[in-house]
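Need a 3D model of the sequence below.
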Amino acid sequence: MEEKKLEFTPEELEEMRQYYREELRMLLKKIEKVNAMLEKLGAPSNIDVSVYKKSLIPGEIYAKQIIVKPEEKTKQIEEKVEKIKKSKQKMLTRWEEIAERAKTDPLVKEFFDIMNDESIPVIELASSKKKKKQPEPDVITEIVPSRYKRTKNILWSDYVYDKLYLTGYPMTVDELKEAAIAELDLNEEDKAAAFSAIHSALFRLKRNQKSVNNYAIKGSRTCYYGLAEWFTKEGKLLKKHARPI
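Below you'll find the predicted structure:
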């Protein structure tokens, strides 16, 4: 039986590379977690994963992303619980003092009796502080290079999403690359990595955030990417977002 040779487009190859890079990252994290647990149990494995981590392409960094270590989060929760316990204990102690004074002071006894009268409805007073209105998210009307540039990298996912949103119809990776080179004033290193970076961003937007979808014209292996809301549930592109002829 003749073996069939598999052929992949550059887009398909990059998508596969990105998928297995993510799988490798997850495996390395799992190994580090197991190592840490074995060390706590007094049986360190001494497995060094730093060699494998160096070969990985760093993931995209978002300015708004905040990483909280599990130990710090647990500590914060414990401190909050302890604070609430102390507050409740203080109130209970104060109430016991009032109950003791009520035995000898008629005015305190009257107050104490009123507070313990369950027939009196409790009225909750409205807070004097006005709730601050949440600022509405900025509507993207143009591509501003500074919005996507950071010290060490480009926020490719943000740029790709905004560019598709402003264009209004699906684009190819090459079209997004040419637009980025023209609009973001990229250096030579970023220009060389633009195709791969944009394809990785589209992969994340489609797989993780479900905010992008794609299709290919019959007989062509070129993929066109658009926002998820431009497609029907069956995956067909809506007419109002069709590419200009």
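
domains of the protein?
Domain ranges of the chain: 23-58, 70-115, 145-241, per automatic domain parsing.

ranking the ones you listed by burial, who's on top?
domain 145-241 (a mean of 16; mean count of other CB atoms under 10 Å). For every residue, glycine as well, the C-beta is placed using N, CA and C.

so how far does it reach from one end to the other?
End-to-end distance for domain 145-241, by CA to CA, to the nearest Å: 25 Å.

Using a markdown table, lay out the domains of the chain together with distance to Glu12 and mean pLDDT.
Below are the domains of the chain laid out as a markdown table (distance: least, CB to CB, whole Å; pLDDT from 0 to 100):
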| stretch | distance to Glu12 | mean pLDDT |
| --- | --- | --- |
| domain 23-58 | 17 | 74 |
| domain 70-115 | 37 | 72 |
| domain 145-241 | 8 | 91 |
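
any chance of these in a markdown table, with distance to Glu15 too?
Listed next are these as a markdown table, based on distance: least, CB to CB, whole Å:
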| stretch | distance to Glu15 |
| --- | --- |
| domain 23-58 | 13 |
| domain 70-115 | 32 |
| domain 145-241 | 6 |
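
So which of those domains is nearest Pro10?
Nearest to Pro10 among the domains of the chain is domain 145-241; the distance by CB to CB comes to 7.8 Å.

Out of the domains of the chain, flag the one nearest Glu14.
It is, among the domains of the chain and with distance given as CB to CB, domain 145-241, at 4.4 Å.

and the helix or strand hosting Glu100, what other elements does it pack with?
Using DSSP states H and E, Glu100 falls within helix 70-101. Counting contacts by 3 or more CB pairs under 8 Å, 6 or more residues apart in numbering; DSSP states H and E, helix 70-101 is packed against helix 106-115.
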